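Q: Got a predicted structure plus its sequence, pasted below:
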Amino acid sequence: MTVLPLAREARDIVRTTCAYCGVGCGVLASSDGQGGATVAGDPAHPANFGRLCSKGSALGETLGLEGRLLAPVIGGRPAGWDEALDHVANRFAAIAAAHGPDAIAFYVSGQLLTEDYYVANKLLKGFIGSRHLDTNSRLCMASSVAGHRRAFGSDTVPGTYEDLELADLVVLVGSNLAWCHPVLFQRIAAAREARPDMRVVVVDPRRTATCDIADLHLPLAAGSDVALFNGLLLHLHDTGVVDRRFVDRHTVGLDAALAAARAATPDVAAVARWCGLPAADVARLYAWVAQSERTVTVYSQGVNQSSAGTDKVNAIINTHLLTGRIGRPGMGPFSVTGQPNAMGGREVGALANQLAAHMDYDDPVAIDRVRRFWQAPHLATGAGHKAIDLFRAIGTGEIKAVWVMATNPAVSMPDAGQVVRALQACDFVVVSDFVRDTDTARLAHVLLPAAAWGEKDGTVTNSERRISRQRPLRPAPGLARPDWWALSQIGRRLGYAEAFDYHGPADIFREHARLSAFENDGARAFDIGAVADIPASLYDGLEPFQWPWRAGESGLQQRLFGDGSFHTPDRRGRFVAVTPRPPCHAATEAFPLVLNTGRYRDQWHTMTRTGRTPRLSAHRPVPLLAVHPDDAARFGLADDGLAHIESRWGAAVMRVQTTAEQRPGTVFAPMHWTGVLSAAGRVNEVVNPQADPISGQPELKATPVRVSAVATRWQGFVLSRQPLAFDCRGYWVAVRGAGHWRYELAGPEAPVAAWERLEALATAAVTEAEWLLYRDPAIGRYRAALLHGGQLQLAMYIAPDAAGLPSRIGPAALFSEARITPGQRRSVLAGRDPGRSADLGPAVCACHGVGRDAIEKAIATGCRTTRALGERLRAGTNCGSCLPELRALLAGVA
Ligand SMILES: Nc1nc2c(c(=O)[nH]1)N[C@H]1C(S)=C(S)[C@@H](COP(=O)(O)OP(=O)(O)OC[C@H]3O[C@@H](n4cnc5c(=O)[nH]c(N)nc54)[C@H](O)[C@@H]3O)O[C@H]1N2
Ligand SMILES: Nc1nc2c(c(=O)[nH]1)N[C@H]1C(S)=C(S)[C@@H](COP(=O)(O)OP(=O)(O)OC[C@H]3O[C@@H](n4cnc5c(=O)[nH]c(N)nc54)[C@H](O)[C@@H]3O)O[C@H]1N2
Ligand code: SF4
Ligand SMILES: [Mo]
């Protein structure tokens with residue numbers, strides 16, 4: 001263990017870890033003294049070796065205090081901590097006394113630090129004594145957890161990031177790595193450039209940016225992955241690509257797995273039919289896998305978020321067990337985690353069907369061990385409700401109090417309308433967040449202000465089991481406090497002062513490490529006993545390390561299972577016999593299209609941070625429904641028009657993006673937009689809540705829907721220095737710009753009625769202003785600007801169609817001006833019509849703000865390579881997240 005030696009001049013630079021995805025990049029950050037920070041990739045961190053993606057590069061811009069929750073709130077009024085904590089503790093105690101401890105639930109998150117997570121788990125399961133603690137990882141990693149446990153006997157990712165570079169074949173299944181794990185994508189892209197023989201295959205119904213480095217793209221039918229990998233298992237077996245020694249000595253269950261595969265997909269033709277793929281492409285994948293000893297299969301939400309998610313995971317793992325390609329350099333199944341600490345939550349056992357530290361309720365010895373270790377008075381002794389059932393139980397009143405921490409379920413849960421109704425009906429809702437206004441916070445009785453990235457202090461674990469420190473750059477503002485602190489305070493108030501007597505994250509980390517090693521004879525994979533007794537100074541300087549790291553061990557074991565020793569009772573790996581089945585809800589005549597959902601490059605989940613930075617809001621300013629041109633024609637949708645998307649569960653409205661990247665019969669929408677930021681952009685209103693029967697993970701990627709064009713009589717936008725509150729039924733989406741918010745608008749009424757409504761809103765928002773006005777009722781065109789104090793405060797533009805609107809760029813820039821000039825005054829209403837694509841981006845390069853239009857012009861005038869584009873426009877020269885899109889534009893396919 002080394003303490004970090006900081007150079008003198010670098011004393012203000014803090015080594016920390018990115019707040020976003022599970023790659024877990026090391027960040028060098030220093031506070032800029034003005035509420036922001038400068039950030040750079042940490043060249044010494046083994047996850048990223050200095051790289052950062054667009055989101056990581058913009059971390060410093062998310063630290064502003066606008067919108068922060070700075071004090072506890074009880075029933076809508078600010079309160080002090082003592083009052084809030086007493087209130088929460090009293091309500092919990094009363095509810096437990098009246099209805100039993102199981103009437104209390106915690107719904108937590110992979111965005112907590114391990115220390116927060118540990119205390120939440122201990123408090124609820126050990127001391128309050130409720131079974132019902134689940135996490136948003138249920139929506140994210142639950143199928144991988146379940147698949148790992150079936151195959152390996154433990155929830156263990158066997159490989160390391162280096163394997164992605166050492167592989168000869170990387171198969172990416174249901175993973176848009178270029179957008180969601182961009183630094184891993186860049187590492188693979190660089191490896192492939194250095195070794196042109198290396199191959200990459202993408203298995204995804206959509207053609208994504210990740211296909212930029214793919215030698216083969218298999219746009220399979222939704223949910224058909226089990227058929228594809230069962231077919232691969234058979235092909236490998238029947239062509240003799242089998243590690244006999246490994247299979248015989250270290251596994252069980254091959255025959256049943258083969259029989260199940262043969263029954264449904266006896267040959268490549270059958271696989272091709274199941275998956276809706278050309279047989280030649282399936283055969284090509286199989287041949288490449290057969291040839292490539294060094295194969296890594298990376299998978300993510302296209303696999304996990306499925307009613308057959310656990311079976312998909314095991315279908316993939318089966319192929320690696322058959323070939324013994326696991327736990328050795330350049331090979332293995334590789335589940336990439338989403339959230340920064342999805343892994344940490346799994347380590348502390350914070351899923352409703354786990355107890356703690358890789359110990360489960362199905363083992364009475366483990367239950368007794370955890371009880372003794374915690375000296376827990378009321379240890380829960382059975383599994384609790386998984387997320388979907390948990391919110392149902394809130395809805396029925398079985399659960400009467402819930403503490404939601406670091407997650408926004410009113411947006412991120414499927415059938416989100418039900419979740420909102422359940423929280424509305426719930427007796428007592430506590431929400432811990434660092435943002436004041438979220439869809440979930442609007443439903444809370446008590447809000448508790450949390451510390452955010454840059455203030456939080458603790459550890460996270462990334463996808464390759466590497467534990468890194470998040471370190472604070474500054475003290476938390478206002479009354480914001482770390483989540484572990486609030487949890488411990490509740491523990492103390494409930495009478496457990498000794499069990500929650502933590503003075504800092506180091507105390508909690510050591511206890512967590514001690515529990516991982518407690519009576520662990522090697523049967524539990526997760527063991528970090530080596531750091532169980534480190535002093536606070538070593539914890540502060542803790543270098544990133546991978547688990548397991550047992551007490552007394554010096555050399556760290558990077559990869560697991562290469563020796564064939566698994567964590568099952570007989571130490572053998574398990575083949576699991578799996579049978580393909582289609583998604584739970586098939587398309588029907590009434591709902592003929594399948595809705596797939598996922599992520600955009602520059603937005604993080606429900607946008608509470610990324611949605612506040614102009615730079616990250618420019619890439620995709622509004623949510624788009626991606627539709628194949630044939631389907632658009634079939635359902636009367638126009639590119640850029642509005643579509644109403646409807647399922648059995650609910651509806652949403654988005655702009656249409658027609659694209660041949662979409663598989664016909666399917667549409668795709670982002671998961672990010674909320675009720676705070678849009679009228680009807682919350683896609684989970686529409687998404688079905690059916691879950692995988694084993695993992696409980698919902699099928700977020702396949703919901704039957706119908707779509708229809710929304711008729712509008714006007715389009716428009718409003719730019720405003722202050723945020724505005726819309727309560728209209730029409731279409732609106734809020735977009736963050738520099739010094740202002742922009743509202744993209746459209747509606748069904750006559751333009752004149754629309755502008756009269758907007759004028760009322762503007763008059764209320766800016767009470768004292770000079771108005772510049774242009775109204776033409778005959779052609780339905782309206783422009784207005786409100787000036788005050790020499791500055792532009794608000795500007796509004798309405799026209800019957802998008803072509804009648806001026807450029808947003810000119811007036812938007814005026815919000816950065818200290819004082820506007822007479823010339824600018826004259827121009828603010830003039831603006832010429834720029835054409836929507838030039839105006840609304842997409843801003844392809846977030847770091848240097850380079851739009852698609854400029855790139856297309858540069859290509860038309862001679863730029864032939866990404867390097868040339870970089871030299872001319874600087875596009876793609878910083879974080880590199882936009883390189884796939886630059887290459888697509890160069891190739892003329894975007
Ligand atoms: N920019 C950005 N990055 C993020 C996040 C973010 O919000 N924004 N979130 C982080 C989190 S928490 C997570 S979990 C990860 C998620 O990372 P990913 O899993 O890569 O992201 P998604 O876009 O959810 O889904 C991946 C792909 O699955 C495909 N898919 C859908 N159905 C199927 C199917 O049946 N089979 C197959 N093979 N593929 C299918 C979709 O078309 C989609 O392209 O990203 C992390 N990184
Ligand atoms: N349709 C559809 N739905 C999905 C998905 C999908 O692909 N499609 N993906 C699912 C997946 S994989 C995931 S991971 C979820 C993510 O969904 P959520 O977890 O609900 O999304 P976030 O916006 O990350 O919410 C985190 C909230 O916690 C706050 N927060 C962040 N850090 C902290 C902290 O340290 N302490 C506290 N107290 N608050 C904090 C943030 O401000 C934010 O309000 O969405 C799931 N939902
Ligand atoms: S890839 Fe990007 S979002 Fe993920 S950890 Fe690294 S910098 Fe952060
Ligand atoms: Mo996730």
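A: Yep, that arrived. Ligands and ions are numbered 1, 2, ... in the order given.
Q: Just give the nearest non-adjacent residue to whichever residue of the stretch 301-450 of the chain sits closest to ligand 4, would you?
A: The minimum distance from the stretch 301-450 of the chain to ligand 4, using C-beta to the ion, falls at Gly338 (2.7 Å). For every residue, glycine as well, the C-beta is placed using N, CA and C. Of all residues not flanking Gly338 in the chain, Cys140 sits nearest, at 4.9 Å (C-beta to C-beta, 6 or more residues apart in numbering).
Q: how about that neighbour, phi and psi?
A: Backbone dihedrals for Cys140, given as degrees, to the nearest 10, come out at phi -130, psi -60.
Q: ok, now how distant is Arg825 from ligand 1?
A: Distance from Arg825 to ligand 1, counting by C-beta to the nearest ligand atom, to the nearest Å: 40 Å.
Q: contacting residues around that residue?
A: Arg825 makes contact with Leu772, Leu787, according to C-beta atoms under 8 Å, 6 or more residues apart in numbering.
Q: number of nearby residues for the residue nearest to Gly338?
A: 25 (other C-beta atoms under 10 Å).
Q: before we move on, what about Asp437?
A: For Asp437, the neighbour count with other C-beta under 10 Å is 15.
Q: Would you agree it falls within a strand?
A: No. Asp437: not assigned to a strand; according to DSSP: H, G, I helix; E, B strand; the rest coil it is coil.
Q: Without its sequence neighbours, what residue ends up closest to it?
A: Val676 (5.6 Å).
Q: so that neighbour touches Thr438, yeah?
A: Yes. Between Val676 and Thr438 there is a contact at 6.3 Å, judged by C-beta atoms under 8 Å.
Q: What would stretch 639-648 look like as CSV? C-alpha coordinates only.
A: Extracted in CSV, the C-alpha atoms of stretch 639-648 (Å, rounded to 0.1, in the frame of the first residue of the first chain):
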residue,chain,number,x,y,z
ASP,A,639,-39.1,13.6,-40.1
ASP,A,640,-38.9,16.3,-37.4
GLY,A,641,-42.7,16.2,-36.8
LEU,A,642,-44.2,15.2,-33.5
ALA,A,643,-45.2,11.7,-32.7
HIS,A,644,-47.6,10.4,-30.1
ILE,A,645,-46.2,7.1,-28.7
GLU,A,646,-48.7,5.0,-26.9
SER,A,647,-48.7,1.6,-25.2
ARG,A,648,-51.1,-0.2,-22.8
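Q: Give me the contacts around that stretch.
A: 585, 591, 595, 625, 627, 632, 637, 651-658, 667, 669, 683, 686-688, 703-710, 712, 731, 746, 802, 836.
Q: which of the residues you listed come close to ligand 1?
A: Near ligand 1, judged by C-beta under 6 Å from any ligand atom, there are no entries from these.
Q: Just the buried ones from these?
A: Using 16 or more other C-beta atoms under 10 Å as the burial test, these include 585, 591, 595, 625, 627, 632, 637, 652-658, 667, 669, 683, 686-688, 703-707, 710, 712, 731, 746, 802, 836 as buried.
Q: Let's see which of the residues you listed end up in strands.
A: Residues of the buried ones among the contacts of stretch 639-648 located in strands (DSSP state E): 595, 625, 627, 652-658, 667, 669, 703-707, 731, 746.
Q: what packs against the longest helix along the chain?
A: Ranked by residue count and defined by DSSP state H, the top helix of the chain is helix 81-99. For helix 81-99, the packing partners by 3 or more C-beta pairs under 8 Å, 6 or more residues apart in numbering; DSSP states H and E come out as strand 73-74, strand 104-108, strand 401-405, strand 428-433, strand 446-449, helix 483-493.
Q: how much space between the residue of the chain at minimum distance from ligand 3 and Trp453?
A: Distances between the chain and ligand 3 by C-beta to the nearest ligand atom are smallest at Gly56, namely 2.4 Å. Going from Gly56 to Trp453 by C-beta to C-beta, to the nearest Å gives 11 Å.
Q: More neighbours: these two, which one.
A: Gly56 (26 against 23).
Q: Give the buried residues for the host helix or strand of the more buried one.
A: In the assignment (DSSP states H and E), Gly56 maps to helix 54-57. For helix 54-57, the neighbour count (16+ other C-beta under 10 Å) marks Ser54, Lys55, Gly56, Ser57 as buried.
Q: Report the contact partners of the first one.
A: This means Ser54. Pro182, Arg601, Asp602, Arg615, Leu616, His619, Ala846, Cys847, Cys879, Ser881, Cys882.
Q: Please work out the average pLDDT along the helix or strand hosting Ser468.
A: Taking DSSP H and E as the criterion, Ser468 maps to strand 466-470. Averaged across strand 466-470, pLDDT comes to 98.
Q: Quick one: list the elements packing against it.
A: strand 14-17, strand 458-461, strand 545-546.
Q: In JSON lines, list the ones you listed along with mean neighbour count and distance to Ala283.
A: JSON lines is the format used below for the helices and strands packed on strand 466-470 (neighbours: other C-beta atoms under 10 Å; distance: least, C-beta to C-beta, whole Å):
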{"stretch": "strand 14-17", "mean neighbour count": "25", "distance to Ala283": "43"}
{"stretch": "strand 458-461", "mean neighbour count": "28", "distance to Ala283": "39"}
{"stretch": "strand 545-546", "mean neighbour count": "18", "distance to Ala283": "37"}
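Q: Can I get those in TSV including distance to Asp311 and mean pLDDT?
A: What follows is the helices and strands packed on strand 466-470, written out as TSV (distance: least, C-beta to C-beta, whole Å; pLDDT from 0 to 100):
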stretch	distance to Asp311	mean pLDDT
strand 14-17	33	98
strand 458-461	26	98
strand 545-546	29	96
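Q: Dump these into TSV; add distance to ligand 1 as well.
A: Below are those laid out as TSV (distance: least, C-beta to the nearest ligand atom, whole Å):
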stretch	distance to ligand 1
strand 14-17	14
strand 458-461	13
strand 545-546	20
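Q: any idea how far ligand 1 is from the closest residue to Gly327 other than its chain neighbours?
A: Excluding its sequence neighbours, the residue lying closest to Gly327 (C-beta to C-beta, 6+ apart) is Gly562, at 3.2 Å. As judged by C-beta to the nearest ligand atom, Gly562 and ligand 1 stand 26 Å apart.
Q: Tell me the pLDDT of Gly562.
A: 93.
Q: so where is the stretch 501-650 of the chain shaky, pLDDT-wise?
A: 555 (pLDDT under 70).
Q: just the helices in it please.
A: When secondary structure is read from DSSP state H, counting those that start in this stretch, the stretch 501-650 of the chain shows helices at 505-517, 536-540, 614-617, 629-634.
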